[in-house]
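[1] Quick check, what structure comes out for this input:
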Amino acid sequence: QVQLQESGPGLVKPSQTVSLTCTVSGASITTNYYYWSWIRQPPGKGLEWMGAIDYRGSTYYNPSLKSRTSISRDTSKNQFTLQLNSVTPEDTAVYYCARGRTLNIVVVRKEYDDWGQGTQVTVSS
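    Next up, the predicted model:
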């Protein structure tokens with residue numbers, strides 16, 4: 001059984017950088033053909049795909065967030081990390097990590113095999 005667990009600060013101040021980590025168990029993040037994504041859901045809004053890192057370590061980003069987003073991985077810990085720079089209150093959301101076999105800027109839940117439970121990030125001074 002594959003499990004994903006997000007971790008990170010619950011509260012950050014505007015203009016700061018938020019760093020979130022997804023720890024994966026039950027599967028290796030280097031397993032062929034999987035994409036490991038970060039997805040968020042602001043309050044009252046839909047799911048937004050932020051970016052992904054694939055099994056080779058190649059990264060992909062939502063163009064609307066690319067200038068502020070960086071995704072990396074630590075294969076020794078079987079983790080991948082999201083950094084979002086220069087946050088504003090509009091970045092307040094529940095942030096999820098997820099595993100899937102396709103890349104799609106439009107989030108379709110059934111296209112992902114596994115999801116983390118999500119972690120709340122609030123941007124406020």
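[2] Report the central residue of this protein.
    Trp38 (2.0 Å; C-alpha atoms, centre = their mean).
[3] Quickly list what it is bridged to.
    Judged by DSSP bridges, the bridge partners of Trp38 are Gly51, Cys97.
[4] quick check, distance from stretch 34-43 to the centre of its chain.
    4 Å (C-alpha atoms, centre = their mean, to the nearest Å).
[5] Next, count neighbours for Trp49.
    Taking other C-beta atoms under 10 Å as the criterion, the count of residues near Trp49 is 21. Bear in mind the C-beta positions are built from the backbone N, C-alpha and C, glycine included.
[6] thought it was touching Thr102?
    No. Counting by C-beta atoms under 8 Å, Trp49 does not reach Thr102; the two are 11.1 Å apart.
[7] pLDDT wise, what is the residue nearest to the centre of the chain at?
    Looking at Trp38, its pLDDT is 98.
[8] Where does the nearest residue to Gly57 once chain neighbours are set aside fall, secondary structure wise?
    Excluding the flanking residues, the one nearest Gly57 by C-beta to C-beta, 6 or more residues apart in numbering is Arg73, at 6.4 Å. If you go by DSSP states H and E, Arg73 is part of strand 69-74.
[9] Tell me which other helices or strands that strand touches.
    With contacts defined as 3 or more C-beta pairs under 8 Å, 6 or more residues apart in numbering; DSSP states H and E, strand 69-74 has these neighbours: strand 48-54, strand 59-61, strand 79-84.
[10] what about 7 Å?
    For strand 69-74, the packing partners by 3 or more C-beta pairs under 7 Å, 6 or more residues apart in numbering; DSSP states H and E come out as strand 48-54, strand 79-84.
[11] can you put those in a markdown table and add distance to Val18 and mean pLDDT?
    Putting the helices and strands packed on strand 69-74 into a markdown table (distance: least, C-beta to C-beta, whole Å; pLDDT from 0 to 100) gives the following:
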| stretch | distance to Val18 | mean pLDDT |
| --- | --- | --- |
| strand 48-54 | 12 | 97 |
| strand 79-84 | 5 | 98 |
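[12] I'd like to know how many residues surround the residue nearest to Gly57.
    Residues lying near Arg73 (other C-beta under 10 Å) number 21.
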